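Peer 1: Predicted model and sequence below, questions to follow.
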Amino acid sequence: MGMSARRLDATALRDWAREAVTRLIATTDEINRLNVFPVADADTGTNMLFTMRAAAARADAEPGADVTGVVAALAEGALQGARGNSGIILSQILRGLADVVEGGAEERAGELSDVDGALLAAALRHAVVLADASVSETAPGTIVSVLAAAADAAEHGAADRADVADVATAAADAAVIALEKTPQQLGVLAEAGVVDAGGRGLLVLLDALTATLTGHAPHRVAYEPADVTAPPTDVAVFAPPRFEVMYLLDGCAPEALDLLRSRLDELGDSVTIAASGVAGRYSVHVHSDDAGGAVEAALDVGTPSRIQITALTGAGGSAAGRWTRDRAVLAIVEGDGAKELFEGEGAHVLLRDADAAISAQHLLAALVDAAAAQIMVLPNGFVAAEELVAGCTAAIGWGIDVVPLPADSMVQGLAALAVHDAGRQAVDDGYTMARAAAGARHGSVRVATEEALTWAGTCLPGDGLGISGDEVLIVGGDVTAAGAGLIDLLLGSGGELVTVLTGAGVESGVGAALRDHVHRRHLGVELVTYHTGHHGDALLIGVE
């Protein structure tokens, strides 16, 4: 096997992450049905899928990264996107890989080209330590037990100088044996007739690694409830806490962690605090009846963000039922003012850097981060068609229902967002938004940089150019004059609302002057203006 297997280099690591996502999609429902510990909320598979999907998307968003950069991106993406107790432990497995690879690169005083068998074994062992440290009390018969068995086997393989593919295969084979022993170690599993759900998810990840390196992986039976024949035990039944609370915590000193953990232990159970690669940043998880108290417990030790509170009562079902929200709108925008504006209207925002194009990988990462089953995408003219199609296609392959809408400008995006209604059926919502975007006549005003002949006559440097449909239709002495002329043209076919978005460097008086112009020349028409701070065009103008 070893002679024909792949090296675990940066490309193979990204391939492994994508393969893991694909395999988790296929096994999510199976894993969810096994989920009885620590709470029978049937979401372990979903949470591991969401976490791995966030990790893979972050790695894909950095296509030029070397091995060290890829594993760091996987770990950070998993921590940022971690869902549930199992997701946080998964993030620690990836953190273990990142820490060991970074240490290996430093030891070798240079760039690390790939992860060999010894590094993989060390990473699994370090992951056991991190996972164990993240939970208040490690119970036998869980994902940590299965991980420890995989690490043991990997270390034996590495000691025999096995290559990375053989080490990965040995780890996966040991994980199967450990997984099937979990009901004998944890009474609640035996009572329910299941193996540990988190351990099953870990096996999926190890099999994905083997498949990536060797081109094939052993067929695994589907583990279903009641497949386990371990003798039942007397298990006390308690009402589970009502809420699952998760948040990122920044600025937390290591010495404050014990205090936070003790507070959370008093408020609930399933307490997990996972470290990131950034000093002072942790991911916090707890099940509690007092969701507010679980957040307040961290206020004097750090700054919580990305707070998620999920009702545990009645939870369960497939991945589609466990998204943070059923439907979201992703808007690609430019300028801090635009970000604030679109977020204020309820959109999830991908902020474009004025000096860089939006790639399919950036789009995919944003779609995953939106954490919705269905996502309406407003490109707003900032994504090339081929990148839009590639990013949306990849997201659809990862189980996200994506609908790109025909918005070629931020003013069209705002028109579509104004009629968005997550309560409607997706096809109705998408059609209504697309119709609103298409119905918003739009143009822009740009400052001329040189003398040129246009459809509207000759322009000189500093003139304002009113543009619609890629043609210069107005030449004005300045931005205000060109904006007023373009508004008059766009209102020639009627309209009730004019939206003006002002770009970086445009003075506030421009918006006021255009508002006065509309009030004088177009009775009954309303004009609203926002400073978005976008680059390129001085003004973006839309008429509805």
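Peer 2: Happy to help now that I have it.

Peer 1: Next, count neighbours for residue 69.
Peer 2: Residue 69 has 17 neighbouring residues, counting by other C-beta atoms under 10 Å. For glycine as for every other residue, the C-beta is placed from the backbone atoms N, C-alpha and C.

Peer 1: which non-adjacent residue is nearest it?
Peer 2: Distance criterion C-beta to C-beta, 6 or more residues apart in numbering; nearest residue to residue 69, sequence neighbours excluded, is residue 62 at 6.0 Å.

Peer 1: measure residue 385 to residue 364 for me?
Peer 2: 16 Å (C-beta to C-beta, to the nearest Å).

Peer 1: what about those two, which has more around it?
Peer 2: Neighbour count, other C-beta under 10 Å: between residue 385 and residue 364, residue 364 has more, with 27 against 9.

Peer 1: so the more buried one sits in a helix?
Peer 2: Yes: the assignment for residue 364 by DSSP: H, G, I helix; E, B strand; the rest coil puts it in a helix.

Peer 1: Now do the contacts for it.
Peer 2: Residues counted as contacts of residue 364 (C-beta atoms under 8 Å, 6 or more residues apart in numbering) are 57, 60, 61, 391, 394, 395.

Peer 1: got the residues you listed as TSV, with pLDDT, secondary structure and neighbour count columns?
Peer 2: Converted to TSV, the contacts of residue 364 look like this (pLDDT from 0 to 100; DSSP: H, G, I helix; E, B strand; the rest coil; neighbours: other C-beta atoms under 10 Å):
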residue	pLDDT	secondary structure	neighbour count
57	90	helix	29
60	89	helix	23
61	86	coil	19
391	89	helix	27
394	86	helix	21
395	86	helix	25
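
Peer 1: between the residues you listed, which is nearest residue 477?
Peer 2: Closest to residue 477 out of the contacts of residue 364 is residue 391 (41.9 Å), distances taken as C-beta to C-beta.

Peer 1: so the closest one makes contact with residue 375?
Peer 2: No: taking contacts as C-beta atoms under 8 Å, residue 391 lies outside contact range of residue 375: 11.0 Å.

Peer 1: one step back: now flag whichever of the contacts of residue 364 is closest to residue 266.
Peer 2: residue 57 (36.1 Å).

Peer 1: Verify the stated contact: that closest one with residue 363.
Peer 2: No: in this structure, residue 57 is not within contact of residue 363 by C-beta under 8 Å, at 9.6 Å.

Peer 1: Confirm that residue 246 sits in a helix.
Peer 2: No: going by three-state DSSP, the assignment for residue 246 is strand, not a helix.

Peer 1: you'd agree it is up against residue 304?
Peer 2: No: judged on C-beta under 8 Å, residue 246 makes no contact with residue 304 at a distance of 9.9 Å.

Peer 1: Of these two, which one has the most company?
Peer 2: More crowded of residue 246 and residue 304, by other C-beta under 10 Å: residue 246, with 24 against 20.

Peer 1: Run a quick neighbour tally on residue 454.
Peer 2: 17.

Peer 1: coming back round to it: mutual contacts of residue 391 and residue 375, please.
Peer 2: Contact criterion C-beta under 8 Å, 6+ apart; residues shared by residue 391 and residue 375: residue 367.

Peer 1: Helices along the stretch 1-150 of the chain, start to end?
Peer 2: Using DSSP state H, counting those that start in this stretch, the helices found in the stretch 1-150 of the chain span residues 10-34, 44-60, 67-81, 84-107, 117-134, 143-159.

Peer 1: which residues touch the nearest residue to residue 139 once chain neighbours are set aside?
Peer 2: Sequence neighbours aside, residue 186 is the residue nearest to residue 139 in space, at 6.1 Å (criterion: C-beta to C-beta, 6+ apart). Residue 186 makes contact with 37, 139, 140, 141, 142, 196, according to C-beta under 8 Å, 6+ apart.
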